[in-house]
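[1] Build me a structure from this.
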Amino acid sequence: MKNINLKDLYPDCFEDIFIELSDDILDVFNDFLKAENAYNRKKYRYNAYYSLDRNDGIERDLLNPPFLTDKMCENNILNEQIYNALKTLPPEQFRRIYLHYFLNMNKTEIAKIEGVTEGAVRLSIKIGLKKIEKIIEKYL
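    Below is the predicted model of the structure:
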């Protein structure tokens, strides 16, 4: 148990107030003070006089500029064309392309699930992608 003075910790406290803290609470308190000092050093070092972990969008706006309306429309049209092209594929090719590109499965995993060789899966995906490319080229 250790006594601490609240006057040293709180700027609004103008008189000496002593309290006893257990060692566990004191360790947590000291860890917090160390983290706060590290944060202040980081803020000073990088001239970041705004909150570095605040979610007001400063960092997001700098790293990810917003989509323009025309780009959003083009993106939506392209997604719709890809979806329509996928619907025209045979079920086997559609399933393999979906598993590989949308669910991020390896071609070997797909082959094990379907009970075929990896080469068959690879060829099926390749042919399906060529068909999709031909369909989309008509629209572009």
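[2] following the strand or helix carrying A111, which helix or strand shows up next?
    Secondary-structure assignment from DSSP states H and E places A111 in helix 107-114. The C-terminal neighbour of helix 107-114 among helices and strands, as given by DSSP H and E, is helix 118-139.
[3] and that following helix, what's its mean pLDDT?
    Here helix 118-139 scores 91 as its mean pLDDT.
[4] Quick one: list the elements packing against that helix.
    Helix 118-139 is packed against helix 69-87, helix 91-97, helix 107-114, with contacts defined by 3 or more Cβ pairs under 8 Å, 6 or more residues apart in numbering; DSSP states H and E. Yep, even glycine has a C-beta here, placed from its N, CA and C like the rest.
[5] So which of the ones you listed is nearest A120?
    When the helices and strands packed on helix 118-139 are compared by Cβ to Cβ, helix 107-114 sits nearest A120, at 7.1 Å.
[6] Give me the buried stretch members for the helix holding A111, please.
    For helix 107-114, burial by neighbour count (16 or more other Cβ atoms under 10 Å) applies to 107, 110-111.
[7] got it, and stretch 71-91?
    Residues of stretch 71-91 classed as buried by neighbour count (16+ other Cβ under 10 Å): 81, 85-86, 89.
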